[in-house]
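> here is the input, now give the coordinates:
(one chain, ligands or ions: 1)
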Amino acid sequence: MVHLLINFAGDVHLAQAVKSFLSSHNVVSNIYMLPEGDEISVTLEKNNGRNGKRLIKEILRSYLDSHNLTRYQITELENILTVGIPKSIDEISTLLMCEICGWRLTTEEELLIHRRTHWF
Ligand SMILES: [Zn+2]
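The predicted structure is shown next:
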């Protein structure tokens, strides 16, 4: 038996959607999730043990790609798979950008002040 944890980094809705998606695959012999949890506990069939983790990753990847969630990445640490958008990319996308030089700033005020440097 192989046990895996799949963590969705706080994304409860994605966790629920993936849980029902995984349940439809017969690779999985048991699947469990706390209500409103962001982590799925998966038990794999004995004869799928060796390649089970790779199989689960492939299923997760195909789910993400078919739902246009290509920015989500699956990272692996022993028997824990984490599904989420890498922080750095996520943070950069929320920053404001100076349209003149491409400088990144966190607030409107900073952007206004920064823009003035181009006026001289
Ligand atoms: Zn600038």
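
> what does this protein have sitting close to the ion?
98, 100-101, 103 (C-beta under 5 Å from the ion). Heads up, the C-betas are built off the backbone N, CA and C, glycines and all.

> buried ones among these?
Neighbour counting by 16 or more other C-beta atoms under 10 Å classes Trp103 among those as buried.

> now Gly84: closest residue in space, sequence neighbours ignored.
Taking C-beta to C-beta, 6 or more residues apart in numbering as the measure, Gly84 lies nearest to Ala9, with 3.6 Å between them; neighbours along the chain are not counted.

> got the domain ranges for this structure?
Annotated domains of the chain cover 2-85, 86-120 [automatic domain parsing].

> list the buried residues for the shortest one?
Which is domain 86-120. Neighbour counts using 16+ other C-beta under 10 Å place 103, 105, 111, 114 of domain 86-120 among the buried residues.

> ok, the residues you listed vs Glu36, which is closest?
For Glu36, the nearest member of these is Leu105. The distance, counting by C-beta to C-beta, is 35.9 Å.

> what's the spacing between the closest one and His114?
Leu105 sits 6 Å away from His114, going by C-beta to C-beta, to the nearest Å.

> ditto for Glu99
As judged by C-beta to C-beta, Glu99 and His114 stand 11 Å apart.

> then Met1?
Distance, Met1 to His114, using C-beta to C-beta: 57 Å.

> kindly report the same for Glu76.
Here Glu76 is placed at a distance of 40 Å from His114 (C-beta to C-beta).

> how close does the spatially most central residue of the chain get to Asp11?
A centroid search over the chain (C-alpha atoms, centre = their mean) returns Gly84, at 1.6 Å, as the residue closest to the centre. For Gly84, the distance to Asp11 equals 7 Å [C-beta to C-beta].

> stretch 3-15 - what's its average pLDDT?
Throughout stretch 3-15, pLDDT has a mean value of 92.
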